[in-house]
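Asks: Got a predicted structure plus its sequence, pasted below:
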Amino acid sequence: MRCVIARFPFDLTKSGVLESMRAVKPEPITGESVTIGRRHYPAKQVGEVITRQDRRDFTSGEVVRAMAHLGFTCHAVPVAAPVRALSPLERASAVLGTPVSS
């Protein structure tokens, strides 16, 4: 399938991407990601390997769009769980600690 990444056309196939990423160790995921085989790769890492271009030359969205068209599962940016603020009573209890039994 012909994909345009960083204004350059690439003829990509699912088997070609699988072969390219086979020996690549996944980096920690901080943004959009792609599942290739049983591994989860950051989209920028996949783009760098398959296009041989610097990561600054393309967006993760371009890579995600191309990988989705090839049939790979793509994941959005992970959302952090919101932190619940402590009430004044809970905050005072945390500062004072638990009573010591005698």
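Replies: Good, I have the coordinates.

Asks: All the helices of the protein, residue numbers only.
Replies: Assigned by DSSP state H, the helices in the chain fall at 14-21, 43-51, 60-70, 88-96.

Asks: So what touches stretch 53-71?
Replies: 1, 3-6, 8, 10, 12-14, 17, 31-32, 34, 36, 42-48, 51, 74 (CB atoms under 8 Å, 6 or more residues apart in numbering). (Each C-beta comes from the backbone N, C-alpha and C, glycine too.)

Asks: same thing but 6 Å
Replies: Contacts to stretch 53-71, defined as CB atoms under 6 Å, 6 or more residues apart in numbering, come from residues 3, 5-6, 14, 31-32, 34, 43-44, 46-48, 74.

Asks: re the thing from before, which one of the helices of the chain lies closest to Glu27?
Replies: Counting by CB to CB, Glu27 lies closest to helix 43-51 out of the helices of the chain; the figure is 5.3 Å.

Asks: And that closest one, what does it pack against?
Replies: With contacts taken as 3 or more CB pairs under 6 Å, 6 or more residues apart in numbering; DSSP states H and E, helix 43-51 sits against helix 14-21, helix 60-70.
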